[in-house]
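A.B. asks: Fold the following and give me the result.
(chains A and B)
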Amino acid sequence: MLFQNDILSRLRARDKAIIEMIYKCLFPGINGWISLNSGTREDAEDIFHDSLMCLITKLDTHTVQLTCDFSTYFIKICRNKWFQILNKRRRMAFITAENYNTPLYDMYELAEEEETENKKYYAFLKALHDLDPRSQTVMEASLNGKTNDEIAAEMGFVNSQAVADKKKNCKKKLIRILAGYSEYKELTNEALHIHRT
Amino acid sequence: MKHFIYIEHNLNDHINDEEKNSFITQLINNKGLGKEYKKYIKLENFLNEQEERIEDIIKELTDFIFDVNLSYDEFVRTDDIFSTVQDQETSKLIRSIIESNRPPNTPEKKGWFRAAAVLTILLYVLNQDTASLVINTNIKNMVNAIVKMDFSALT
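C.D. replies: Next comes the predicted model:
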């Protein structure tokens, strides 16, 4: 039986046997989940590859302390990566649909818009990341589709109205954070520039 | 931003009609306030747009929980991948393991082709007013051959 730290140290050493073991144990589950969520086997293979690459490069530079089982941790990374891919595809679909009938539509402009959309998403993630822990948990629960009543019960709020007020407060904080970002200021200028051309 | 807190108060807190009218009047007369108000609304719309997009994707996914810190960490780290020779070798190693464990491709069954062929012949049979029993038997054999995909029977 392998301990969590053994897995991590052997991954850091790029041990072929441990990578093969992780593949055999975890890939079927990852593939099943991605297939269930509008992906293909090829998508699952890419996600497995990218997630493992991310984890190994992270092990090179950071000290990773697992707070849960390795398989739980790795599956979480894979699912999150798939979510990012779906989000990126959605952003791309939006850009393509918007530009489909534009006569000046060209690949360069499309790539520029994709970059802007990526930066926008990054600014949003960064703002959420910079929130205080309690506000972050409320926003996370809300994005995950939990109702105000559920959030109130889980996080000890007096009632659902208190959660609604907290959400409003979180949005105020997010707007303040975003208004201070130089990245967001650049982004809005870029977006205006693209729109004008 | 100079008027940020004032705009925030007017848009988010419960205000009376007098405060509301005063805010509108100032919006019309004070250009600086108007400019900042537009920026505030733009930021609010930006937040709602991003939130809606994330919520939509999460709704479609089964058994997925969005984690802010993990998403942020992964998004930042994506740019670092394949930056060194060692990373490229690791990538090749993972790819080789994936490829060596990939199940062999099974040939696709030509079900649609078979169904179309059978349907064409059946339509042909039905359209034959003067078809003899012998011809029908031959056609029956053709249909059976196609169903079994045994083309040697046709020769």
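A.B. asks: what about the helices in chain B?
C.D. replies: Counting by DSSP state H, chain B has these helices, from start to end: B:4-12, B:17-29, B:31-60, B:68-77, B:85-100, B:111-127, B:133-148.
A.B. asks: Deepest in the core, which of these is it.
C.D. replies: helix B:68-77 (a mean of 17; mean count of other C-beta atoms under 10 Å in any protein chain shown). C-beta coordinates here come from the backbone N, C-alpha and C atoms, glycine included.
A.B. asks: which one is A:Ile77 nearest to, not counting chain neighbours?
C.D. replies: Spatially, and ignoring its direct neighbours in sequence, A:Ile77 is nearest to A:Ser51 (4.6 Å; C-beta to C-beta, 6 or more residues apart in numbering or on different chains).
A.B. asks: Contact partners for the one you found?
C.D. replies: A:74, A:77-78, A:81 (C-beta atoms under 8 Å, 6 or more residues apart in numbering or on different chains).
A.B. asks: Any chance of those in JSON lines with secondary structure as columns?
C.D. replies: Output for the contacts of A:Ser51, formatted as JSON lines (DSSP: H, G, I helix; E, B strand; the rest coil):
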{"residue": "A:Phe74", "secondary structure": "helix"}
{"residue": "A:Ile77", "secondary structure": "helix"}
{"residue": "A:Cys78", "secondary structure": "helix"}
{"residue": "A:Lys81", "secondary structure": "helix"}
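A.B. asks: Highest neighbour count among the residues you listed?
C.D. replies: A:Cys78 (25 neighbours; other C-beta atoms under 10 Å in any protein chain shown).
A.B. asks: what about A:Phe157, helix or strand, and which?
C.D. replies: For A:Phe157, there is no enclosing helix or strand under DSSP states H and E.
A.B. asks: Let me see the domain layout of chain B.
C.D. replies: As given by automatic domain parsing, the domain ranges for chain B are B:4-64, B:67-102, B:111-154.
A.B. asks: ok, and the closest non-adjacent residue to the residue nearest to the spatial centre of chain B?
C.D. replies: In chain B, the centroid-proximal residue (C-alpha atoms, centre = their mean) is B:Ile57; its distance is 8.8 Å. Leaving out its chain neighbours, the residue that sits closest to B:Ile57 by C-beta to C-beta, 6+ apart is A:Leu86, at 5.2 Å.
A.B. asks: now the most centrally placed residue in chain A: how far from A:Ile151?
C.D. replies: Closest to where the C-alpha atoms of chain A average out (C-alpha atoms, centre = their mean) is A:Gln84, at 4.9 Å. In this view, A:Gln84 and A:Ile151 are 25 Å apart by C-beta to C-beta, to the nearest Å.
A.B. asks: can you list the weak-confidence ranges in the chain?
C.D. replies: You didn't pick a chain, so chain A it is. A:1-3, A:94-107, A:182-197 (pLDDT under 70).
A.B. asks: try chain B instead
C.D. replies: Chain B contains residues with pLDDT under 70 at B:1, B:77-83, B:106-111, B:128-137, B:139-140, B:143, B:146-155.
A.B. asks: circling back to that earlier point, could you double-check that the residue nearest to B:Ile57 lies in contact with A:Ile47?
C.D. replies: No: contact criterion C-beta atoms under 8 Å: A:Leu86 and A:Ile47 do not qualify, at 10.9 Å.
A.B. asks: In terms of neighbours, single out the busier of the two.
C.D. replies: A:Ile47 (24 against 20).
A.B. asks: which element is that one on?
C.D. replies: helix A:41-61.
A.B. asks: What residues sit buried inside that helix?
C.D. replies: Going by neighbour count (16 or more other C-beta atoms under 10 Å in any protein chain shown), the buried part of helix A:41-61 is A:43-58.
A.B. asks: Pop the domain breakdown of chain A in here.
C.D. replies: If you go by automatic domain parsing, chain A breaks into A:1-101, A:105-197.
A.B. asks: which one of those domains lies closest to B:Ser22?
C.D. replies: Nearest to B:Ser22 among the domains of chain A is domain A:105-197 (21.0 Å), distances taken as C-beta to C-beta.
A.B. asks: And chain B, is that closest one touching that?
C.D. replies: Yes: interface with chain B: domain A:105-197 contributes A:120-122, A:124-126, A:128-129, A:136, A:139-140, A:143-145, A:168, A:171-172, A:174-176, A:178-179, A:184, A:188 (C-beta under 8 Å from any C-beta of the partner chain).
A.B. asks: any idea how far A:Arg89 is from the residue nearest to A:Asn31 when sequence neighbours are not counted?
C.D. replies: Spatial nearest neighbour of A:Asn31, excluding adjacent residues (C-beta to C-beta, 6+ apart): A:Ala44 at 4.0 Å. As for A:Ala44, its distance to A:Arg89 is 15 Å (criterion: C-beta to C-beta).
A.B. asks: A:Glu45 too?
C.D. replies: With C-beta to C-beta as the criterion, A:Glu45 and A:Arg89 are 17 Å apart.
A.B. asks: Same check on A:Lys120?
C.D. replies: For A:Lys120, the distance to A:Arg89 - C-beta to C-beta - is 16 Å.
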